[in-house]
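1. Based on what follows, work out the 3D shape:
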Amino acid sequence: MRPDIAYAVQQICLFMHDPREQHLSALKRILRAEAEYRGVANAVAETCWLRNLLRELHCPLFSATLVYCDNVSAVYMSGNPVQHQRTKHIEINIHFVRDLVTKGQVQGIETVTKYDTNAQEFIINTPCESAQKYWIGGVANHATHTVVFSQLEINGVNQGVHAFIAQIREENGKICQNVHIADCGHKIGSNGVDNGRIWFDNLRVPRENMLNSVADVSPDGQYLSAIKDPLQRFAAFMAPLTSGRVHIAAISMNIAKKGLATAVRYCLSKRTFSVKPNEREVLLLDYPSHQRRLLPLLAKT
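-> Sure, this is the predicted structure:
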């Protein structure tokens with residue numbers, strides 16, 4: 001039982017009568033943060049083993065090991081020392097990532113945005129290949145704009161992750177200057193979606209392109225926000241997305257309920273094989289294998 005996402009799953013089920021591709025995508029996002037966080041934990045465990053091995057070989061590493069993750073929620077879970085209802089169900093041994101982040105042994109998002117006071121523009125830069133944004137839907141061939149999450153630096157001070165609207169293609173489909181895009185290639189499925197990777201070479205965007213519901217930058221380069229704590233600021237920044245995830249999560253529960261109801265009705269009407277010749281065939285639901293599959297699920301609804 002997952003009480004932390006029970007309501008979200010219930011809400012997403014409201015759309016089970018007419019599910020669309022965007023509903024499935026949203027459902028994946030509900031569960032993605034935890035999966036990414038667990039993946040980061042596995043990667044950090046491997047890097048810790050390698051660091052210890054190098055230390056035993058008298059070749060210690062004195063700089064932080066970079067562990068890259070393109071899921072913003074997972075990055076903030078790694079840096080948040082508070083054990084709240086969204087993470088308390090995760091096994092305690094997974095949270096060692098937080099300790100390593102606090103100690104400075106691992107780092108997060110590398111894309112950096114700085115503000116040019118003279119031009120009143122933000123400059124988005126991808127400092128290295130590993131900081132590229134991967135698997136962005138629609139970016140390989142069709143998207144004209146994108147929302148970029150990056151670290152915002154104002155006067156040399158990192159203000160945390162913020163979002164910016166950036167144009168990546170012109171109306172004729174030509175990739176904009178200082179934007180680099182590559183197709184991720186053939187996938188195991190959903191090849192109709194042109195997933196790609198994207199990186200920026202000091203791309204300039206207007207100051208107005210910052211999504212500023214929680215924080216803003218004045219024309220003279222002053223950072224403005226009523227929320228001082230970066231984690232709380234990020235939580236408030238992402239709050240409008242919560243309702244969407246909650247509603248889409250409810251779709252899956254309703255779909256599961258209707259699917260179960262359909263399966264039970266079918267098993268109560270469909271007959272197959274008879275015990276003896278010339279006898280009436282047996283209902284599917286009378287088969288123990290079907291009972292073991294369906295009845296426990298029915299009892300949980």
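2. SS state for the nearest residue to residue 133 once chain neighbours are set aside?
-> Nearest non-adjacent residue to residue 133, counting by Cβ to Cβ, 6 or more residues apart in numbering: residue 198, 4.9 Å away. No exception for glycine: its C-beta is placed from N, CA and C like everyone else's. Of the three states, residue 198 takes strand under DSSP: H, G, I helix; E, B strand; the rest coil.
3. Any figure for the gap between residue 198 and residue 231?
-> 27 Å (Cβ to Cβ, to the nearest Å).
4. And for residue 222?
-> Counting by Cβ to Cβ, the gap from residue 222 to residue 231 is 22 Å.
5. picking that back up, more neighbours, residue 198 and residue 231?
-> Applying other Cβ atoms under 10 Å to residue 198 and residue 231 shows that residue 198 carries more neighbours, namely 21 against 14.
6. ok, that one to residue 267 distance?
-> For residue 198 relative to residue 267 (Cβ to Cβ), the value is 49 Å.
7. Touching stretch 112-132 from outside, list them.
-> Outside stretch 112-132, the residues that touch it by Cβ atoms under 8 Å, 6 or more residues apart in numbering are 66, 68, 109-111, 133, 148, 150-154, 162, 164, 166, 197-207, 209-210, 217, 219-221.
8. same check, this time on stretch 218-229
-> With Cβ under 8 Å, 6+ apart, stretch 218-229 has contacts from 115, 117, 120, 152, 154-155, 157, 159, 207, 214-217, 233, 236.
9. Go through these and flag which are in strands.
-> 115, 152, 154, 157, 159, 215-217 (DSSP state E).
10. List buried residues within the contacts of stretch 218-229.
-> Buried members of the contacts of stretch 218-229, counted by 16 or more other Cβ atoms under 10 Å: 115, 152, 154, 159, 207, 214-215, 217, 233, 236.
11. Can you give me the pLDDT of the closest residue to residue 159 other than its chain neighbours?
-> Nearest residue to residue 159, sequence neighbours excluded (Cβ to Cβ, 6+ apart): residue 152, at 4.6 Å. pLDDT for residue 152: 92.
12. give the contact list for residue 152.
-> By Cβ under 8 Å, 6+ apart, the contact list for residue 152 reads 113, 115, 158-162, 217, 223.
13. From the structure, what's the count of residues near the closest residue to residue 213 other than its chain neighbours?
-> Counting by Cβ to Cβ, 6+ apart, the nearest residue to residue 213 once its immediate chain neighbours are dropped is residue 237, at 6.9 Å. Using other Cβ under 10 Å, residue 237 has 22 neighbouring residues.
14. Isn't residue 237 up against residue 163?
-> Yes - counting by Cβ atoms under 8 Å, residue 237 touches residue 163, with 7.4 Å between them.
15. on that earlier part again, mind listing the residues bridging to the residue nearest to residue 159?
-> residue 113 (DSSP bridges).
16. where's residue 42, which helix or strand?
-> helix 21-56 (DSSP states H and E).
17. Tell me where the stretch 51-200 of the chain has helices.
-> For the stretch 51-200 of the chain, the helices defined by DSSP state H, counting those that start in this stretch cover 72-79, 96-103.
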